[in-house]
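Novice: this is a predicted model, with the sequence first.
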Amino acid sequence: QVQLVESGGGLVQAGGSLRLSCAASGRTFSSDPMGWFRQAPGKEREFVATISWNGGITYYADSVKGRFTISRDNAKNTVYLQMESLKPEDTAVYYCAATGYYSPTYYTRAHEYRYWGQGTQVTVSS
């Protein structure tokens, strides 16, 4: 059974940092582009960051550029999201996703991802 499991969420004060992890199991995702999305209460799921299969290409939403860093360790079948200088508007459930197929590029739209984790809550207090 293919699974993506996020961890590392929690409550943090504005200006603080968190590191999210997404551990994959059931198959190797080392050839898949992967991404992070988030969904705040009452809002649609939105793109946060994506990384190509080998980590050579990364792309970020404007709202997190310069504050968040996506990375991956294919040997551990894990993708990370390092979040710095957190703001209250970053509060959301964060989801990791994998395309389920090889591609040399990256993707920013949710429908391009086949596998999803259950999400981890990030709450930033002001």
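Specialist: Alright, I've got the coordinates.

Novice: from here on, contacts and neighbour counts on C-alpha atoms
Specialist: OK.

Novice: was I right to think Thr123 contacts Pro88?
Specialist: Yes: assessed by C-alpha atoms under 8 Å, Thr123 is found in contact with Pro88 at 7.3 Å.

Novice: all strands of the chain, in order?
Specialist: Assigned by DSSP state E, the chain shows strands spanning 3-7, 10-13, 18-25, 34-39, 46-51, 58-60, 68-73, 78-83, 92-98, 115-116, 120-125.

Novice: hmm, who's touching the last one?
Specialist: Applying C-alpha atoms under 8 Å, 6 or more residues apart in numbering, the external contacts of strand 120-125 come out as 6-14, 86-95.

Novice: centroid-nearest residue for this protein?
Specialist: Closest residue to the average C-alpha location of the chain: Trp36 at 2.3 Å, with C-alpha atoms, centre = their mean.

Novice: so who does that residue touch?
Specialist: 47-50, 81, 94-97.

Novice: quick one on the thing from earlier: between Thr123 and Pro88, who's got more neighbours?
Specialist: Using other C-alpha atoms under 10 Å, the more surrounded residue of Thr123 and Pro88 is Thr123, with 21 against 15.

Novice: who is that one paired with across the strands?
Specialist: For Thr123, the beta-bridge partners under DSSP bridges are Leu11.

Novice: please apply the same query to Thr50.
Specialist: Going by DSSP bridges, Thr50 is paired in beta bridges with Gly35, Tyr59.

Novice: Gly56 versus that one, what's the distance?
Specialist: Relative to Gly56, Thr50 is positioned 11 Å away (criterion: C-alpha to C-alpha, to the nearest Å).

Novice: more neighbours, these two?
Specialist: The neighbour comparison of Thr50 against Gly56 (other C-alpha under 10 Å) goes to Thr50, with 30 against 10.

Novice: got a markdown table for the strands of the chain, with mean pLDDT and distance to Tyr107 too?
Specialist: As requested, the strands of the chain are exported to a markdown table (pLDDT from 0 to 100; distance: least, C-alpha to C-alpha, whole Å):
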| stretch | mean pLDDT | distance to Tyr107 |
| --- | --- | --- |
| strand 3-7 | 96 | 18 |
| strand 10-13 | 98 | 27 |
| strand 18-25 | 96 | 17 |
| strand 34-39 | 98 | 8 |
| strand 46-51 | 98 | 7 |
| strand 58-60 | 98 | 9 |
| strand 68-73 | 98 | 13 |
| strand 78-83 | 98 | 15 |
| strand 92-98 | 98 | 10 |
| strand 115-116 | 96 | 13 |
| strand 120-125 | 98 | 21 |
